[in-house]
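Trainee: The following comprises the amino acid sequence and a computationally predicted model.
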Amino acid sequence: MKVTVEVIRFRVLSITAASISCLLFLTLLLVPQLIFMLFEIEATASASFLARRAAMLFLGYAVITYVSRNAEHSSARQAISLGLAATWVSLAVLGVFELVRGVAGFGILLAIGAELLLAFAYGSIWFVNRHKHAEI
């Protein structure tokens with residue numbers, strides 16, 4: 001494998017995203033009350049149920065980002081980058097929407113900031129490489 005700055009950048013970003021996703025998985029699964037407190041939402045049985053389900057999605061993101069961390073440019077890496085950019089920006093937009101609606105408290109701004117950074121990072125990897133033809 002030819003190690004380039006681009007591969008290293010993708011690797012560091014993917015390890016960071018995997019770490020964040022794993023932390024969210026564990027928190028949402030084991031102590032969702034922390035998220036409820038941070039986002040200032042009511043801890044109900046329904047909220048806990050949805051938190052545990054969301055935890056499983058974050059486990060999937062953690063696995064995908066960690067396992068793909070050494071990927072060189074390819075259509076698969078481009079798909080991963082675009083999919084993760086879409087996921088993170090969608091979460092940020094949803095967070096803003098729920099903050100404006102008054103459903104979430106100002107603690108959501110921490111999540112929105114992190115989500116926008118991850119969306120920008122994965123989006124820029126996709127954007128810079130969108131016209132490259134990968135040898136697969």
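Mentor: Cool, the structure landed.
Trainee: same for the strand or helix carrying residue 16, what does it pack against?
Mentor: Per DSSP states H and E: residue 16 is located in helix 5-30. Packing contacts for helix 5-30, counted by 3 or more Cβ pairs under 8 Å, 6 or more residues apart in numbering; DSSP states H and E, involve helix 32-39, helix 45-67, helix 75-101, helix 108-129. Placement of C-beta: from N, CA and C, glycine included.
Trainee: Nearest approach to residue 22 belongs to which of those?
Mentor: With Cβ to Cβ as the criterion, residue 22 lies closest to helix 45-67 of those, at 4.3 Å.
Trainee: pLDDT weak spots in the protein?
Mentor: Low-confidence segments of the chain (pLDDT under 70): 1-3, 133-136.
Trainee: again, only this time at 80
Mentor: 1-7, 133-136 (pLDDT under 80).
Trainee: would you list the helices and strands packed on helix 5-30 in TSV and tack on distance to residue 23 and mean neighbour count?
Mentor: Formatted as TSV, these follow (distance: least, Cβ to Cβ, whole Å; neighbours: other Cβ atoms under 10 Å):
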stretch	distance to residue 23	mean neighbour count
helix 32-39	11	16
helix 45-67	8	15
helix 75-101	15	16
helix 108-129	11	18
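Trainee: Of all the ones you listed, which one comes closest to residue 20?
Mentor: Of all these, helix 108-129 comes closest under Cβ to Cβ, at 6.8 Å.
Trainee: With just CA atoms, put the closest one into PDB.
Mentor: C-alpha atoms of helix 108-129 as PDB (Å, rounded to 0.1, in the frame of the first residue of the first chain):
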ATOM      1  CA  ILE A 108     -27.000  20.100  21.600                       C
ATOM      2  CA  LEU A 109     -24.600  22.800  20.300                       C
ATOM      3  CA  LEU A 110     -21.700  20.600  21.300                       C
ATOM      4  CA  ALA A 111     -23.000  17.800  19.200                       C
ATOM      5  CA  ILE A 112     -23.800  20.100  16.300                       C
ATOM      6  CA  GLY A 113     -20.300  21.500  16.300                       C
ATOM      7  CA  ALA A 114     -18.700  18.000  16.300                       C
ATOM      8  CA  GLU A 115     -21.100  16.800  13.600                       C
ATOM      9  CA  LEU A 116     -20.400  19.700  11.300                       C
ATOM     10  CA  LEU A 117     -16.600  19.200  11.700                       C
ATOM     11  CA  LEU A 118     -16.900  15.500  10.800                       C
ATOM     12  CA  ALA A 119     -19.300  16.300   7.900                       C
ATOM     13  CA  PHE A 120     -16.900  18.900   6.500                       C
ATOM     14  CA  ALA A 121     -13.900  16.600   6.900                       C
ATOM     15  CA  TYR A 122     -15.600  13.600   5.200                       C
ATOM     16  CA  GLY A 123     -17.300  15.800   2.600                       C
ATOM     17  CA  SER A 124     -13.900  17.400   1.700                       C
ATOM     18  CA  ILE A 125     -12.300  14.000   1.200                       C
ATOM     19  CA  TRP A 126     -15.200  13.100  -1.100                       C
ATOM     20  CA  PHE A 127     -15.200  16.400  -2.900                       C
ATOM     21  CA  VAL A 128     -11.400  16.500  -3.600                       C
ATOM     22  CA  ASN A 129     -11.500  13.000  -5.000                       C
END
